[in-house]
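*Asks:* coords below, sequence missing:
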């Protein structure tokens, strides 16, 4: 009897210890796992409508409206140079004169033969009228006169080629020859360029084809004259799309009366497409993410991140237009959305950007980490400050 009571007491003690251990395991599991109220700190801005001027921004290269390398068509010795290096010349102005003594002698000979042929033709015509020579003799005299006329024209043309003239008004470059030097056919002598107007070549994506037309206004800036804009207009659109870049090539002409712009300069330009929007929705570039061909952003809705597919439009420095997928007042995550734990439905804590510079790149990690614990009121309290900070 006493032994049975002892066994029962031991079993009761063992069961009590086992029950207490189970409760401790359950409690320990709750404390050691992921906290149920975890919120990912992120930086956000509130989307507000703003005016957006219509236009495409790109870069291009300046080129001369007309440019030519002056080369002789005949060889000869240079007897005179008529221009100053780097100076301006008018259309038709002589640039180089080659020794034309032989060409002049050939012209004199051809002119003398032509005079003889003229007199012979006159006599043949008189004799033919008197029936003293045959018609064939008259025809031979007339043919010889024509041949001598052609020889005179040829000799005169050869003599004219001994003087090289400017084909158009422009500015000459640096010459590489001197008086007395013999030049060969096709040798480079000097470059002549027309600087007013000047042209700029550039490309735009094929998606903008519907916005392109001749006569469009364009404004360019160059590093040599910061702050100065030069206006012009589109004069040509290449009908062929570049298969490598999938872009269309355009050429614009810009007045350059003071010759400040030079061929070869790099230009930043804006093409007026007339597609301005007074209520454009703009988001920072860093808010935009891409998965294949799909672009998306994370929007904060009821304290949680919502993955939202968007369609973009015009880009401006630091911003991109969203034409589909967002509405005014949406709170968009600009930093923190690239973290590995971010997913659709993730609980987040909205924080304003630390500063204009830090907000553009996602802020300092330390700053976000120190502020997260202090925001105990949750996303709703943080969101209340977004219109002021998001702008």
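*Replies:* Received it, and whenever you're ready, just let me know what you need. Source: prediction; values computed, not measured.
*Asks:* how does this structure divide into domains?
*Replies:* As assigned by automatic domain parsing, the chain contains the domains 40-52+278-390, 56-65+194-271, 100-161.
*Asks:* out of the ones you listed, which is closest to residue 86?
*Replies:* When the domains of the chain are compared by Cβ to Cβ, domain 56-65+194-271 sits nearest residue 86, at 11.2 Å. Yep, even glycine has a C-beta here, placed from its N, CA and C like the rest.
*Asks:* so where's the stretch 151-300 of the chain shaky on pLDDT?
*Replies:* The stretch 151-300 of the chain contains residues with pLDDT under 70 at 274-278.
*Asks:* please enumerate the strands of it.
*Replies:* With DSSP state E, counting those that start in this stretch, the ranges of strands along the stretch 151-300 of the chain come out as 163-165, 170-172, 182-183, 190-205, 217-222, 230-242, 247-254, 266-271, 277-284, 289-291, 294-301.
*Asks:* one step back: indicate which one of the domains of the chain is closest to residue 87.
*Replies:* Shortest distance between residue 87 and the domains of the chain, using Cβ to Cβ, is found for domain 56-65+194-271: 11.9 Å.
*Asks:* quote the end-to-end distance of that closest one.
*Replies:* One end of domain 56-65+194-271 sits 5 Å from the other (Cα to Cα, to the nearest Å).
*Asks:* okay if I get the strands of the stretch 151-300 of the chain as TSV plus distance to residue 318 and mean neighbour count?
*Replies:* Output for the strands of the stretch 151-300 of the chain, formatted as TSV (distance: least, Cβ to Cβ, whole Å; neighbours: other Cβ atoms under 10 Å):
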stretch	distance to residue 318	mean neighbour count
strand 163-165	53	17
strand 170-172	40	20
strand 182-183	56	16
strand 190-205	20	20
strand 217-222	18	19
strand 230-242	24	14
strand 247-254	23	20
strand 266-271	15	19
strand 277-284	6	18
strand 289-291	16	11
strand 294-301	15	19
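*Asks:* pLDDT of stretch 111-118, averaged?
*Replies:* Model confidence over stretch 111-118 averages 96 on the pLDDT scale.
*Asks:* contacts for that stretch next, please.
*Replies:* Stretch 111-118 is touched from outside by 141, 144-145, 147-149, 151-152, 155, with contacts defined as Cβ atoms under 8 Å, 6 or more residues apart in numbering.
*Asks:* list the buried residues in it.
*Replies:* Neighbour counts using 16 or more other Cβ atoms under 10 Å place 113-114, 117 of stretch 111-118 among the buried residues.
*Asks:* and for stretch 48-64?
*Replies:* Across stretch 48-64, burial judged by 16+ other Cβ under 10 Å covers 52, 55-56, 58, 60, 62-64.
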